[in-house]
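In: Got a predicted model here, sequence first, then my questions.
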Amino acid sequence: MNVAQNIVAGLDRILTMEVVRVTERAAVAAARLRGRGDEKAADQAAVDAMRQELNRLAIKGTVVIGEGERDEAPMLYIGEEVGSGIGPAVDIALDPLEGTTICAKNLPNALAVIAIAEKGSLLFAPDVYMDKIAIGPGYDEGVIDIDASPAENIASLAKAKGVAVSEITACILDRPRHERLIEAVRATGAAIRLIGDGDVAGVIHTTDPEETGIDIYLGTGGAPEGVLAAAALRCTGGQMQGRLILDTQEKVARAAKMGIADPKRIYRAEDMARGDVLFAATGVTDGNMLAGVKFGSNYITTHTIVLRSSSRTVREIKARHQDLEKF
Ligand code: VTB
Ligand code: MG
Ligand code: MG
């Protein structure tokens, strides 16, 4: 049996449940440092906790989207081998604390995130910016186009949704580089949810507009975060297009080394995360879809979403952790 057959036969069904602990543990560790103004400490705690739990998983995992290609031990770095070493060979994209600043400021939507996929099926993206556009499920192909103007995309989405443009809300990272994008979206009459960080959450939020109030994600953010978001969309449905911003020779060369031959290529979600994919995210701070970690006097509560592409299952797992020592 090869890995793909294994996964269909049910190996990843177990993994779907197992992976929850990985993001739960990272989220609890980060949440202990919520609102302390110390991004680094929260990130480090999440990284350590995630690695510890990841190494208990019965996989032969390789981190392909991680914390950079550095080889300093504390980070979960690209190329790091994780898991127990016994089990299917899988590729892993992770961000133990997506939204370090959000966590440090105790603002909404900080997450601990992981995606696990069949070997060789995640885009090996350099840590550069990526231009992104995403919408949720239920729309025909072609409703969004990364090369169309923001006004065209919003008009097209409003038409497909059967609502006025003024009823559309776009999620955009609050950055000076988005000044023109923000102006262009506002000029259409659509609303904008400006976020300080956390575009993995921003993209995922488009998959449930009734819950989150967000219909479309627009703008540039990290490429690694783009791959993580694409993995989630593969599981929930929805459309995403991304293009790496390789605006210097150095970046083009770095990308080429990682196997990216066409620096202008547009990647759809299914190009960034192929095959069978698992995705899990646990809320660190309270958010639009996930509650943050709660420290009660008797137990710790976590809220996790676990997704799997081959079955399109969306599981929400609320856990009470009684054995505080374990965390
Ligand atoms: C975004 C944001 C992330 O990186 O991807 C951002 O969503 C991109 O970088 O939460 P800039 O901060 O330079 O805009 C994060 O902030 C951190 O991973
Ligand atoms: Mg990180
Ligand atoms: Mg991040």
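Out: Happy to help now that I have it. Ligands and ions are numbered 1, 2, ... in the order given.
In: near ligand 3, which residues of the stretch 151-300 of the chain show up?
Out: Residues of the stretch 151-300 of the chain lying close to ligand 3 (Cβ under 5 Å from the ion): none. To be clear about C-beta, it is placed using only N, CA and C from the backbone, and glycine gets the same treatment.
In: Near ligand 1, which residues of the stretch 151-300 of the chain are found?
Out: With Cβ under 6 Å from any ligand atom as the criterion, the stretch 151-300 of the chain meets ligand 1 at residues 173, 175, 197, 198, 199, 221, 222, 225.
In: So of those residues, which two are at opposite extremes in space?
Out: Using Cβ to Cβ, these reach their maximum pairwise distance at 175 and 225, which is 13.5 Å.
In: Just want to know which of those two has more residues nearby.
Out: Comparing residue 175 with residue 225 by neighbour count (other Cβ atoms under 10 Å), the higher total belongs to residue 225, at 28 against 16.
In: so who does that one touch?
Out: Taking Cβ atoms under 8 Å, 6 or more residues apart in numbering, we find residue 225 in contact with 95, 98, 130, 199, 200.
In: just the residues of the stretch 151-300 of the chain next to ligand 1 now: which is nearest residue 116?
Out: residue 225 (16.6 Å).
In: Any figure for the gap between the closest one and residue 165?
Out: Using Cβ to Cβ, to the nearest Å, we find residue 225 at a distance of 27 Å from residue 165.
In: go on, residue 128?
Out: Noted for residue 128: a distance of 32 Å to residue 165, by Cβ to Cβ.
In: same question for stretch 119-128, mean pLDDT?
Out: For stretch 119-128, mean pLDDT is 93.
In: same deal with stretch 299-307?
Out: Averaging pLDDT along stretch 299-307 yields 97.
In: do the same with stretch 140-157
Out: Stretch 140-157 comes out with an average pLDDT of 98.
In: let's have the chain start at 31 instead
Out: Let's use 31 as the start, then, which means that last one is stretch 170-187.
In: Do a quick rundown of the helices in the chain.
Out: Remark: helices assigned in the chain by DSSP state H are 33-39, 41-61, 69-84, 130-135, 180-191, 209-218, 229-235, 239-242, 253-266, 279-287, 299-302.
In: Good, we can wrap up now.
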